[in-house]
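Undergrad: Need coordinates for the following:
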Amino acid sequence: MMPYSGKDLARSFRTVRKNTIQIANDIPEDKWSFRAAPGMRSITELLAHIAALTHAYRRIHIVDRRTMMTGADFTPYMSAANAYEQTLTSRAAILHALEANGEEFAKDLESQTDADLAATVQFAPPIQPSSKTRFELLLGVKEHEMHHRGQLMLLERMVGVVPHLTREREARARLHQQTGQAGR
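TA: Predicted structure coming up:
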């Protein structure tokens, strides 16, 4: 039995995606073209990338249920995901894709059995390690989004927005300070 089920994966992915959507909504639309440095993705491009990132992995692990991958096998999956990403050019389209694609992927995660998650996917050299469980690979989708969400939080600061998680933490600290002082 897996100590972390498909339902657990879905719950944690939904939390990550909810926070990403909150960030997207917090950044004013006129700031979405901001790019921190030449050669880096703009906020729009980064959010479109996040919205599209589940496509390749959903196809590989949920639809096709691949158990062997070579470097060349990744190309069509990534090309399709990149092509989809390029269609996400408006704020409305990106927000819709974040919500719809995120929920579709979460539902797919919920349906994964212990046996599905324990399945091993083999990789041909030079890819290392030579195998991973489907659980590790699906968890990697969430980790990928969290990596980019960290970038978004820095970009928020750069365009003058205090990230919602910071605002919430500061509000809790103020409340704790007020109630602590009131109890004296």
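
Undergrad: Can you list the low-confidence ranges for the protein?
TA: Within the chain, the stretches with pLDDT under 70 are 1-2, 182-184.

Undergrad: tell me which strands and helices the helix ranked longest in it is in contact with?
TA: Criterion DSSP state H: the longest helix present in the chain is helix 134-158. Applying 3 or more CB pairs under 8 Å, 6 or more residues apart in numbering; DSSP states H and E, one finds that helix 134-158 contacts helix 6-26, helix 43-52, helix 54-58, helix 114-118, strand 120-123. To be clear about C-beta, it is placed using only N, CA and C from the backbone, and glycine gets the same treatment.

Undergrad: Run through who's touching stretch 123-136.
TA: Applying CB atoms under 8 Å, 6 or more residues apart in numbering, the set of residues contacting stretch 123-136 from outside is 2, 4, 9, 61, 68-71, 112, 116-122.

Undergrad: which of these lies closest to Ala97?
TA: His61 (19.4 Å; CB to CB).

Undergrad: Next, the contact list for that closest one, please.
TA: Neighbouring residues of His61 by CB under 8 Å, 6+ apart: 121, 134, 137-138.

Undergrad: about what we covered before: for Gln151, which of the helices and strands packed on helix 134-158 is the nearest?
TA: Gln151 lies closest to helix 43-52 among the helices and strands packed on helix 134-158, at 6.4 Å (CB to CB).

Undergrad: Show me what the closest one is packed against.
TA: helix 6-26, helix 71-87, helix 91-110, helix 134-158.

Undergrad: shouldn't Leu88 be in contact with Ala52?
TA: Yes. Contact criterion CB atoms under 8 Å: Leu88 and Ala52 qualify, at 6.5 Å.
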